[in-house]
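**Q** Generate coordinates for the sequence data below:
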Amino acid sequence: MTLKVSDLQPFARGGNRLCFIHPNDSGRCVKVRRPDFTLEDLRRKKGFPKNLRPLSSFDDNAEEFRVMNALHKRIGEPMYRYVSRCFGFENTDMGKGLVSELIRDESGSVSHTLKQYVWDEGFTPDCQRAVDEFIAGWNLLGIPSRDLLVHNIVVQRLLDGTINRLVVIDGLGSSSIIPDVFFPKSYFIKKACRKSENLRVRIQNLLVAREKGEFPGTHGLLIHEGVQSGKVN
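**A** The predicted model follows:
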């Protein structure tokens with residue numbers, strides 16, 4: 001059955017993809033290619049020699065599916081404390097959609113990104129605790145990722161507003177051309193430590209921007225809640 005998502009409002013927009021709440025399962029989301037930014041557009045945007053790669057290598061959904069399967073085999077269930085689950089592909093009227101776990105707060109609301117949380121609330125003691133716990137677990141498991149960006153991490157809150165956990169929703173895997181199976185676990189742990197320390201720097205940079213009132217862009221803000229210049233409604 002083909003899912004009809006084209007007449008739905010996406011709840012989030014990434015650089016390459018739109019995210020919709022799954023029409024038949026409120027606990028899942030569907031990621032599809034942005035129709036206004038095709039794979040051909042993405043390849044053209046890349047400079048030489050990356051623009052020589054086959055078109056399929058620019059498919060974010062295919063890459064995420066491949067990475068999630070590899071991580072599940074290597075790490076297994078413990079990683080899902082820190083990473084949203086992947087359920088494979090379904091056909092949509094906007095092309096092949098990758099279905100993932102939709103992280104929601106205990107209230108049922110779609111969880112905000114770390115970027116939005118820090119922008120709205122600041123780096124509260126509760127958030128500092130959650131970041132410390134996230135980094136400790138991330139480093140222990142040695143989860144491979146590209147840069148850990150504040151708009152690729154969501155903050156799941158309990159009914160009383162305290163933070164339950166931080167969950168990465170995008171940006172996993174490695175840009176290395178050498179397959180991960182050739183590296184020892186110590187390599188992944190060392191790399192995870194470096195990425196997680198960079199996350200602390202990004203949070204501090206966001207706080208500086210917040211202090212100056214410099215709106216950091218709409219990536220990572222929930223579309224359906226509306227965004228106005230410099231202010232999240």
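**Q** Just give the number of residues close to the closest residue to Thr113 other than its chain neighbours.
**A** Distances taken as Cβ to Cβ, 6 or more residues apart in numbering place Gly220 nearest to Thr113, at 3.9 Å, with adjacent residues excluded. C-betas here are computed from N, CA, C, even on glycine. When neighbours are counted by other Cβ atoms under 10 Å, Gly220 registers 24.
**Q** Hmm, Val118 and Gly220 touching each other?
**A** No - counting by Cβ atoms under 8 Å, Val118 is not a contact partner of Gly220; they are 10.3 Å apart.
**Q** List the residue ranges of this protein that fall below the pLDDT cut-off.
**A** 49, 52, 54, 56, 174-182, 224-233 (pLDDT under 70).
**Q** could you pull out the strands for this protein?
**A** 12-13, 17-21, 28-33, 86-92, 95-101, 112-113, 153-157, 163-168, 227-228, 231-232 (DSSP state E).
**Q** angle of the longest helix seen in the chain against strand 163-168?
**A** Longest helix of the chain, by residue count under DSSP state H: helix 185-212. Here helix 185-212 points in a direction 110 degrees away from that of strand 163-168 (axes from the mean of the first three to the mean of the last three Cα atoms, to 10 degrees).
**Q** counting contacts, what elements does helix 185-212 pack onto?
**A** Helix 185-212 sits against helix 114-121, helix 125-141, with contacts defined as 3 or more Cβ pairs under 8 Å, 6 or more residues apart in numbering; DSSP states H and E.
**Q** Out of the ones you listed, which one sits most buried?
**A** Mean neighbour count (mean count of other Cβ atoms under 10 Å) peaks for helix 114-121 among these, with a mean of 21.
**Q** Kind regards, and thank you for your time.
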